[in-house]
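Chemist: need a structure here:
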Amino acid sequence: MTENKDVCKACGGKCCQRMACHFSPEDFEEITFDSLRTEIEKGHISIDWWYGDIDTVLDELDDTYFLRIRNKGAPIIDPSWGGQCSLWNDKTGCTLPFEKRPKGARALVPRFPENCIDGYSKVDGIKDWRKHYSILKDLKQHFAQKENQHG
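Modeler: Residues are numbered from 1 along each chain as shown. Model prediction:
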């Protein structure tokens, strides 16, 4: 995975303006309720989920949770489809150094004027997060309770 700033600059961040990138569990040093809660509370991560069947392994779940960069103006719990990445800047592109970006961003193969190639799809990420379903479900409930107390 390498960054191609020239192609990204020519594109103008179309991908980043359509949806924030998703994380892989390998983007985090530790996968626990407390460690992920701390990361989410920093303000740049949303809990998202996929409705519907991805494959038979996931059929038994109501929702399949994953983490992604938060869209601009979006809440922590955000199952929206589309929105501008909160870390995207129209002058400099992504505000994170390449190596600190989510795997969904690092694996993106930029092409312009053609569409970029998604080297780590959202479905790939959702399948990787499956083994952490209970932690993500607990985090969603935790942040929903906090929103209800303050909202």
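Chemist: List phi and psi for the residue nearest to Glu99 when sequence neighbours are not counted.
Modeler: Nearest residue to Glu99, sequence neighbours excluded (C-beta to C-beta, 6 or more residues apart in numbering): Arg106, at 7.7 Å. (Each C-beta comes from the backbone N, C-alpha and C, glycine too.) Arg106 adopts backbone torsions of phi -60, psi -30, taken as degrees, to the nearest 10.
Chemist: so where's this protein shaky on pLDDT?
Modeler: Scanning the chain with the threshold set as pLDDT under 70 gives 1-2, 52-63, 150-151.
Chemist: can you give me the strands for it?
Modeler: Assigned by DSSP state E, the chain shows strands spanning 45-50, 64-69, 88-89, 93-94, 108-109, 117-118.
Chemist: that older thread, does the residue nearest to Glu99 touch Phe98 like I think?
Modeler: Yes - with contacts counted by C-beta atoms under 8 Å, Arg106 reaches Phe98, the gap being 6.6 Å.
Chemist: neighbour-wise, which of the two wins?
Modeler: Using other C-beta atoms under 10 Å as the criterion, Arg106 and Phe98 rank with Arg106 on top: 19 against 12.
Chemist: Can you list the buried residues in stretch 28-43?
Modeler: Residues of stretch 28-43 classed as buried by neighbour count (16 or more other C-beta atoms under 10 Å): 28, 36, 39-40.
Chemist: What lies in contact with that stretch?
Modeler: The contact list for stretch 28-43 (C-beta atoms under 8 Å, 6 or more residues apart in numbering) reads 25, 45-47, 67, 70, 76, 132, 135-136, 138-139, 142-143.
Chemist: so how far is Lys91 from the residue most central in space within the chain?
Modeler: The structure's the chain has its C-alpha centroid closest to Arg68; by C-alpha atoms, centre = their mean the separation is 1.5 Å. According to C-beta to C-beta, to the nearest Å, Arg68 and Lys91 sit 23 Å apart.
Chemist: repeat for Tyr120
Modeler: According to C-beta to C-beta, Tyr120 stands 26 Å off from Lys91.
Chemist: who has more neighbours, those two?
Modeler: Taking other C-beta under 10 Å, Tyr120 and Lys91 do not tie; Tyr120 has more neighbours (20 against 4).
Chemist: and the gap between that one and Trp88?
Modeler: Tyr120 is 18 Å from Trp88, by C-beta to C-beta.
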